[in-house]
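S.K.: Requesting a structural model of the entry that follows:
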Amino acid sequence: MAPPPPSRPRWSWENSAPMRWVRRSFGYSRGEARGLAGLLVIMLLTIVAPILLRPELPTYLPAADQKGVDELAAQLKEHRTVEQGFASRFPKREYRKYERRGPRYPAVPQVRLSPFDPNALSAEGWEARGVPHFVAARMVKYCQAAGGFKAKAQVKKMYGLEDSVYQRLAPFMQLPEEAPKRDYAANPPGTDGKFPPFAAGDATASKFPRKPRNLQPFDLNTADTTQLMQIRGVGAGRARWVVKYRNQLGGYVREDQLDEVFVLRDAPDLRDSLKKYTFVALGFAPKTVNVNTASFDELYLQPYIGKPRARLIVAYRQQHGPFKSVEDLKQMPTLKPGDWEKMRPYVRCE
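M.R.: Got it, this is the predicted structure:
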């Protein structure tokens, strides 16, 4: 009996040609080849599944949408008001044109023109001669501020006064056409090249008194603000600063200390004027401060000491005891020779 033919090996996808090619080409083992095949199958399902499982798109019915639009249009037409326009939440206002019932200013009876003094008229007097109300008030205010009209030319320059009104009033004004000019020939300039002031009758009254032209020098340490204000250019404010700084120092020992006053630092001309008309009396002894007994609050008030040096003086006094002489202050490292010379007349150790 002939032997049976050998059994044919069973087909397996692991022994398929693609798997053998993958193992041979990439050097994968059987397990790695199976993993690669499974990963490819999952990727394919991820791509194909959305296409196969996509729901059916709804069918568009234009007739139903058109019917809904027609019904909505019919509802809007029923609720539409007869008046076309936008509704407002504010009630409509009725504006009526303003009608002036009477004159804005009370009427002033007119008078017949006759010679008059413009400086003696009130606002009603100007109105009675045809000048508008607001211009009349302006002319009276100018007359009071300027001390009166000196010539017709000043009246003509008033703002708001029409030329026709001025031409009608000018022949009756008891004023010259132009203001009198100053006679410089009668008042020649002095040796300093300046003209003398106007006469007392021609000059308008001033609320500020005239300062003397020939001022005698006075003591800087005894002068008050009134005496300092006699110097040209020195007002009440600057005079108070000069006295205030003098009280802080304890007295001026030389005129150059005026350069240290705050309001005079940028005014060299005023400093020169003060030095010209003031002096420091010989032998004047300023008020001094005792560096051994004075507290910090007493020391720093002296402008030449201040708070930083006052702290050093108090600390030095606590560490080394009282100062034996004023010269010991030079041992402070922050004290410069120039500052020491300024401070020297105002300190003592007794």
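S.K.: low pLDDT regions in the stretch 51-200 of the chain?
M.R.: Along the stretch 51-200 of the chain, the model assigns pLDDT under 70 to residues 80-90, 97-102, 182-190, 192-200.
S.K.: Could you rerun that using 50?
M.R.: Applying pLDDT under 50 to the stretch 51-200 of the chain flags the ranges 82, 200.
S.K.: Could I get the full set of helices for it?
M.R.: Assigned by DSSP state H, counting those that start in this stretch, the stretch 51-200 of the chain shows helices spanning 62-79, 123-128, 133-146, 152-156, 163-169.
S.K.: Looking at those, spot the one closest to D266.
M.R.: helix 133-146 (33.0 Å; CB to CB). Every C-beta, even on glycine, is put in place using the N, C-alpha and C of the backbone.
S.K.: what distance separates that closest one from the centre of its chain?
M.R.: From the chain centre to the centre of helix 133-146 is a distance of 35 Å (CA atoms, centre = their mean, to the nearest Å).
S.K.: ok, now which ones touch R168?
M.R.: R168 sits next to 113, 130 when contact means CB atoms under 8 Å, 6 or more residues apart in numbering.
S.K.: picking up where we left off before, just name the most buried of the helices of the stretch 51-200 of the chain.
M.R.: A comparison of the helices of the stretch 51-200 of the chain by mean neighbour count, using mean count of other CB atoms under 10 Å, puts helix 123-128 on top with a mean of 19.
S.K.: Contacts made by that one with the rest, please.
M.R.: Under the criterion CB under 8 Å, 6+ apart, residues 108-111, 116, 133, 135-137, 139-140 lie in contact with helix 123-128.
S.K.: now the residue nearest the centre of the chain: how far from R34?
M.R.: Note on the chain: the residue nearest the mean C-alpha position is V263, at 22.5 Å, using CA atoms, centre = their mean. For V263, the distance to R34 (CB to CB, to the nearest Å) stands at 102 Å.
S.K.: Also K156?
M.R.: K156 sits 119 Å away from R34, going by CB to CB.
S.K.: where do the strands sit along this structure?
M.R.: Assigned by DSSP state E, the strands in the chain fall at 218-219, 278-279, 289-290, 347-348.
S.K.: In JSON lines, list those along with mean pLDDT.
M.R.: Output for the strands of the chain, formatted as JSON lines (pLDDT from 0 to 100):
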{"stretch": "strand 218-219", "mean pLDDT": "91"}
{"stretch": "strand 278-279", "mean pLDDT": "91"}
{"stretch": "strand 289-290", "mean pLDDT": "91"}
{"stretch": "strand 347-348", "mean pLDDT": "90"}
